[in-house]
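**Q** build me a structure from this.
(one chain, ligands or ions: 1)
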Amino acid sequence: MSRDKAKPDTTPAAASLVVPRARAAATFAASLTFEAVERRYGEYLALAGVSLDVKPGEVVCLLGPSGCGKTTLLRVAAGIEKPSGGRILINDREMAGPSRFVPPEERGVGLMFQDFALFPHLKILDNVAFGLKQLPKDEARREALAILSRFGLDRYADDYPHILSGGQQQRVALARAIVPRPAVMLMDEPFSGLDVQLRESMQEETLALLRETRATSIVVTHNPEEAMRMGDRIAVLRAGRLVQSGQAEDLYRHPASLFVARLFSEINEITFPVRHGAIDTPAGRIPTPGIANGRDAILCIRERGVGLTASGGGGHSRPGLSGRVLHAKFLGDVARLEIGVEGFDKPLRVRVDEGEGLTKGVEVKVTIDPKTALIFPADSA
Ligand code: ATP
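**A** So this is what the prediction gives:
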């Protein structure tokens, strides 16, 4: 978490990011471009040359571990922070660059902070209607009520924020940020405080609203599943650098690095020496293009990518490696097993659908499709 996030930001700059909407405003979808954006704090480079083009109406999920610069990127796009290098453009117009800085309130950008800072002295309806001041009062009230009702909070319209739970306040903040229909919407972990069911319905409702308003959006999340569910595209940030961006399926199937592979699935990592352009594994010989002979390669086997069949009842003749269930943990829809497998030094972790009856001690046949395995140089993590 950045130091700024310690306290709620109730400064005029923060309030101004609930962008006011003009009467009968139509939202024109806008592009948002980051060109080699840098942000330094003293010696520390929080953003180290990020380039990203978000197309009009596109929803990009920004994914990455704590401290990698996600919030900083949003703050720079919104104009709350100045970049130390590079440029920010909206619809090809420079918002921030070496010689220009457009203040936040003139960018048409809505920002929902992680510490969403509702106005404590305003009723919930007035909090939501904050960005609708240019509409006639009745109309603003109607719109604010409509969105509160979509988020299941209309009954609190005349209450003050302090009576709401943290999750409810978060939903009000989301409503307040979206209702003015900003052309560009930036959201910092908008669903982090919600329980699983509420989180899914809020994700759907928010996505529907973003689509309706055609807002070009960046949604920050720690959660890969949320990123896959919401994003037209996912951008992965690591230590201030954009390491990969693409559609969920691309990132899942073709991660460019071990770091990205680890984000998108639970994997077993096993190191083998590369000889004659390949590694010799118990599952067969697998080519390792691009990794020099003599170096080590890491074979990644997804926990979901291992086939298991009980080998009792004459099953010893079935194809596959011989193994035994060493440990089984019930996890609801799935079970997580540890399997001792011939040829592997360490047990493989495997996820199977619950109900497959693979309990501790059961003998199994194990199949691993080398085509679904991923391989990375050992020193690339
Ligand atoms: P989280 O997921 O925990 O919210 P994040 O990816 O949003 O993290 P940022 O808040 O963008 O990360 O911070 C990136 C880095 O920049 C961190 O190491 C943070 O300490 C540093 N940083 C952010 N704001 C400041 C500041 N105002 N002064 C000094 N360092 C800062």
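**Q** what about the helices in the stretch 151-300 of the chain?
**A** Counting by DSSP state H, counting those that start in this stretch, the stretch 151-300 of the chain has helices at residues 166-178, 196-213, 224-230, 248-253, 258-264.
**Q** of all these, which lies closest to Gly67?
**A** helix 258-264 (14.4 Å; Cβ to Cβ). All C-beta atoms are positioned from the backbone trio N, CA, C, and that covers glycine.
**Q** need the contact partners of the closest one.
**A** Residues from elsewhere that reach helix 258-264, judged by Cβ atoms under 8 Å, 6 or more residues apart in numbering: 63, 224, 228, 236, 238, 243-244, 251-252, 255, 267, 269, 298, 300, 374, 376, 380-381.
**Q** tell me which residues in stretch 129-146 are buried?
**A** For stretch 129-146, burial by neighbour count (16 or more other Cβ atoms under 10 Å) applies to Ala129, Phe130, Gly131, Leu132, Leu135, Ala140, Arg141, Glu143, Ala144, Leu145.
**Q** kindly check the end-to-end length of that stretch for me.
**A** End-to-end distance of stretch 129-146 (Cα to Cα, to the nearest Å): 11 Å.
**Q** please shift the residue numbers so they start at 6 in all later answers.
**A** Renumbered: residue one is now 6, and that last one reads stretch 134-151.
**Q** gap between stretch 301-310 and the chain center?
**A** Relative to the centre of its chain, stretch 301-310 is centred 23 Å away, using Cα atoms, centre = their mean, to the nearest Å.
**Q** in that stretch, what's buried?
**A** Quick answer for stretch 301-310 (16+ other Cβ under 10 Å): Ala302, Ile303, Leu304, Cys305, Ile306, Arg307, Glu308, Gly310.
**Q** just flag the most distant two among these.
**A** Ala302 and Glu308 (19.5 Å).
**Q** how many residues are close by Lys376?
**A** Per other Cβ atoms under 10 Å, the neighbour tally for Lys376 reads 7.
**Q** ok but it is inside a helix, no?
**A** Yes - assessed by DSSP: H, G, I helix; E, B strand; the rest coil, Lys376 belongs to a helix.
**Q** check it and give its pLDDT.
**A** With respect to pLDDT, Lys376 has a value of 78.
**Q** how's the protein carved up into domains?
**A** As assigned by automatic domain parsing, the chain contains the domains 17-258, 270-385.
**Q** give me whichever of these is most buried.
**A** domain 17-258 (a mean of 19; mean count of other Cβ atoms under 10 Å).
**Q** just checking it against the ligand, any contact.
**A** Yes - applying Cβ under 6 Å from any ligand atom, one finds domain 17-258 in contact with the ligand at Tyr46, Ala51, Gly69, Ser71, Gly72, Cys73, Gly74, Lys75, Thr76, Thr77.
**Q** how about those residues in a markdown table, adding pLDDT?
**A** Output for these, formatted as a markdown table (pLDDT from 0 to 100):
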| residue | pLDDT |
| --- | --- |
| Tyr46 | 96 |
| Ala51 | 97 |
| Gly69 | 94 |
| Ser71 | 93 |
| Gly72 | 94 |
| Cys73 | 95 |
| Gly74 | 96 |
| Lys75 | 96 |
| Thr76 | 95 |
| Thr77 | 96 |
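**Q** relative to Leu67, how far out is whichever residue of the stretch 206-355 of the chain sits closest to the ligand?
**A** Going by Cβ to the nearest ligand atom, the ligand is nearest to His227 of the stretch 206-355 of the chain, at 6.0 Å. His227 sits 10 Å away from Leu67, going by Cβ to Cβ, to the nearest Å.
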